[in-house]
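Trainee: A structural model of the following input is requested.
(one chain, ligands or ions: 2)
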Amino acid sequence: MDRLTIALRRLPHADGLDLPSHETDLSAGADLRAAVPEDEPVVLPSGKWKLIPTGVQIALPAGYEGQVRPRSGLAYRHGVTVLNSPGTIDADYRGEVKVLLINHGPDAFTIERGERIAQLVVAQHASVEWMEQDSLEETVRGAGGFGSTGKK
Ligand SMILES: O=c1ccn([C@H]2C[C@H](O)[C@@H](COP(=O)(O)OP(=O)(O)OP(=O)(O)O)O2)c(=O)[nH]1
Ligand SMILES: [Mg+2]
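Mentor: Ligands and ions are numbered 1, 2, ... in the order given. Below is the predicted model:
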């Protein structure tokens with residue numbers, strides 16, 4: 001399969017950690033690892049959120065974005081997910097990729113160095129210019145939404 005090559009820089013606190021990894025050939029997301037100190041795991045109490053460093057910077061090509069998405073296993077087992085899901089990494093962002101994790105579970109959750117905490121999906125997006133108009137093209141749906149088509 002053709003892969004898009006994306007420049008990545010490892011920050012010193014990610015020394016020795018695996019790079020974002022596709023765990024299977026066709027995984028859409030590359031798992032992001034927590035670049036927290038080995039001797040200072042981060043404790044996420046129930047109901048709290050924290051910004052977790054991944055120790056990598058990336059340079060996405062123009063027209064691409066990075067989506068920071070939850071891992072379903074963490075959500076299912078511990079109630080831990082990405083608060084701003086999906087987080088957006090802009091193509092012009094050169095800071096460290098960070099993950100805003102929230103613990104919806106009943107117990108505190110401990111994040112160890114190297115733990116795979118979220119996944120990064122790279123996607124193309126349209127570049128848009130808004131064109132203001134007095135009226136819009138009509139559709140069958142019209143303004144219906146929020147359950148307007150019923151339950152079944
Ligand atoms: O989960 C996330 C979300 C964002 N970012 C970084 C990359 C992104 O390009 C930048 C800005 O994100 P966003 O646009 O979501 O935040 P904002 O609150 O609108 O901040 P800004 O005013 O900097 O755009 O922060 C992350 O590292 N992780
Ligand atoms: Mg923004």
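Trainee: Would you agree residue 13 falls within a helix?
Mentor: Yes. The assignment for residue 13 is a helix, going by DSSP: H, G, I helix; E, B strand; the rest coil.
Trainee: so what's it up against?
Mentor: Residues near residue 13 by CB atoms under 8 Å, 6 or more residues apart in numbering: 35, 37, 53, 55. To be clear about C-beta, it is placed using only N, CA and C from the backbone, and glycine gets the same treatment.
Trainee: what about residue 6, how many neighbours?
Mentor: As a burial measure, residue 6 scores 15 neighbours (other CB atoms under 10 Å).
Trainee: now swap in residue 39 and tell me
Mentor: Residue 39 is flanked by 6 other residues according to other CB under 10 Å.
Trainee: roughly how far apart are it and ligand 1?
Mentor: Residue 39 is 25 Å from ligand 1, where distance means CB to the nearest ligand atom, to the nearest Å.
Trainee: Report pLDDT for that residue.
Mentor: Looking at residue 39, its pLDDT reads 98.
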